[in-house]
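A.B. asks: Test case, fold it:
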Amino acid sequence: MALRRSSSFSHHLLRRLSLPSFPSHPYSKSTSLPKKPDRVRDHTLDAIMDIHKKLRVVLSLRELLLPFASLQLSRLSTMARRSLSIPPSDLCRFLLRHPHVFHVFEHPVQRLLFVRLTPRAVSQLKSETFALSNSVQPTILRLRKLLLLTTPLLRIRLEHIRLFRYDLGLPDDFEQSVILANPGLFRLVCKPDSDSARTKYVEFLPSDSDPPDMRIPAVERSRERDYRVSGADTEDSRFAFPIRFPPGFKIGKYFRIAVWKWQRLPYWSPYEDISGYDLRSLEAQRRLEKRSVAMIHEILSLTVGKRTTLERIALFKQAMGLPKKMKEFLLQHQGIFYVSTRGNRGKLHTVFLREVYFKGELVEANEIYLARKKLEELILLSPKKANLDRMLTSLGREGFATGFVGKERFEGSDAEDSGSDSGVDTQYFE
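C.D. replies: Numbering: from 1, shown residues only. Take a look at the predicted model:
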């Protein structure tokens, strides 16, 4: 019996020794993209979000100031604390740090501090409004392409479009000026016995005026340009995405092979209807995953600044079949997208399309982007360059009246961008 046990143990040991040996780290030589890669920061793109954080506060305060010629500082402080959660001390500090945008002055009669937008800030905001109205047709096309991404449904909730309107370049009254004003392109539907915006949908309507290349994604146009310029191999670039990894991103040998294989993997176009395909196989799941990359790439390409928040992309998760764990999915493709947590204490995640940015600037800027960029430049001007005496001196009745934001134009030199941020002559007291 003992001899039989010894023979059985020897046979089992020989079988174990004859099996091929595996490395201690079974995934160290894998040629598949890692599921949880290390996140590498791009400080150039993070700096954009630091500026955008200030811009977001300026735009929020603008909405509070626009209905008035000027507003008492104490009242503005109360409104900002309630609607924007900005403490009074932080608000006063922010206003004084940006004298090129906000004019803090003493009322000539009431002797109380008031706040208004400077003529230069109003001029920049009006230029953005003009750019929005001047870009109606491109914006309509972007909205129609966004609806096409929901194939075969071809509809999106009105509330989701409202939350996405700033990035898409839509005016605030887009429901009236864009959707209802073009009944041959859009249809607004809602559930019976309900007028709530949450139950309203915007549907795509086919039109003979649509350009023939409307269903061609932006990445395919980029491939065509690269082929014309460099004559890249069609086999390698047919399904490839432009990839630019952030500085400091470590690319190993096997990761490079995995990226090369992934670039050659075929996938379905984001505008293609795949509802009739069998998606249960492993190969279909891999193609579906790459299609999600193309879908997010196209969403970002439709925005004004080629960036938007992760939370706004998630609005279309159900309609477009996007992955559930969006952040982890985007971090697998850091050469295509960049996820920044700067600008709102990590509460918001901004997704950039890396290929369209160079040294922190958009390569092909549009009119709306340039108008918003001018306001950012005004915010970044140093307070030392502003005439602080002019900001804080008392104003005459005439100077107080010319600060009305709602006027079509300012009288005298106020309409010019002359560098004067108050629009009145400096008053000196001895």
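A.B. asks: how about stretch 258-270: buried residues?
C.D. replies: Residues Ala258, Val259, Trp262, Tyr267, Trp268, Ser269, Pro270 are the ones in stretch 258-270 that count as buried (16 or more other Cβ atoms under 10 Å). For the C-beta atoms, the positions are set from N, CA and C on the backbone; glycine is no exception.
A.B. asks: so what's the residue positioned nearest the centre of the chain bridging to?
C.D. replies: For the chain, the residue sitting closest to the mean C-alpha position, by Cα atoms, centre = their mean, is Thr308 at 1.6 Å. Bridge pairing for Thr308 (DSSP bridges) gives the partners Val351.
A.B. asks: contacting residues around it?
C.D. replies: Contacts were defined as Cβ atoms under 8 Å, 6 or more residues apart in numbering; by that measure Thr308 touches Phe164, Asp167, Ile299, Leu300, Thr350, Val351.
A.B. asks: same thing but 10 Å
C.D. replies: 164, 166-168, 296, 299-300, 302, 315, 350-353 (Cβ atoms under 10 Å, 6 or more residues apart in numbering).
A.B. asks: Name the member of the buried residues of stretch 258-270 with the shortest distance to Ser60.
C.D. replies: Using Cβ to Cβ, Pro270 comes nearest to Ser60 of the buried residues of stretch 258-270, at 33.3 Å.
A.B. asks: Give me the spatial nearest neighbour of that closest one, chain neighbours excluded.
C.D. replies: Residue nearest to Pro270 in three dimensions, not counting chain neighbours: Met295, with 4.3 Å by Cβ to Cβ, 6 or more residues apart in numbering.
A.B. asks: List the contacts of the one you found.
C.D. replies: Leu149, Pro217, Trp268, Ser269, Pro270, Tyr271, Ile313, Phe316, Met320, Gly321, Leu322, Pro323.
A.B. asks: Name the residues of the helix or strand hosting Arg81 that are buried.
C.D. replies: In this structure, Arg81 is located in helix 73-83 according to DSSP states H and E. For helix 73-83, the buried set under the neighbour-count rule, 16+ other Cβ under 10 Å, comprises Leu73, Leu76, Ser77, Met79, Ala80.
A.B. asks: Count the residues that sit near the residue nearest to the fourth one when sequence neighbours are not counted.
C.D. replies: In space, not counting the residues next to it along the chain, Met79 is nearest to Leu64; the distance is 5.2 Å by Cβ to Cβ, 6+ apart. Close neighbours of Leu64, defined as other Cβ atoms under 10 Å, add up to 16.
A.B. asks: Could you report the pLDDT at Leu64?
C.D. replies: Each residue has a pLDDT score; the one for Leu64 is 93.
A.B. asks: residues in contact with it?
C.D. replies: Contacts of Leu64 by Cβ under 10 Å, 6+ apart are Leu71, Arg75, Leu76, Met79, Ala80, Ser83, Leu84, Val115.
A.B. asks: Look up phi and psi at it.
C.D. replies: For Leu64, the backbone dihedrals (degrees, to the nearest 10) come out as phi -80, psi -30.
A.B. asks: What count of nearby residues applies to the closest residue to Ser237 other than its chain neighbours?
C.D. replies: The shortest distance from Ser237 to any non-neighbouring residue, by Cβ to Cβ, 6+ apart, is to Arg223 (5.5 Å). Arg223: 19 surrounding residues under other Cβ under 10 Å.
A.B. asks: Remind me what the helix or strand hosting Arg223 packs against, helices and strands.
C.D. replies: In this structure, Arg223 sits in helix 218-230 according to DSSP H and E. In terms of contacts (3 or more Cβ pairs under 10 Å, 6 or more residues apart in numbering; DSSP states H and E), helix 218-230 is packed against helix 234-237, helix 282-301.
A.B. asks: Cool, thanks, signing off.
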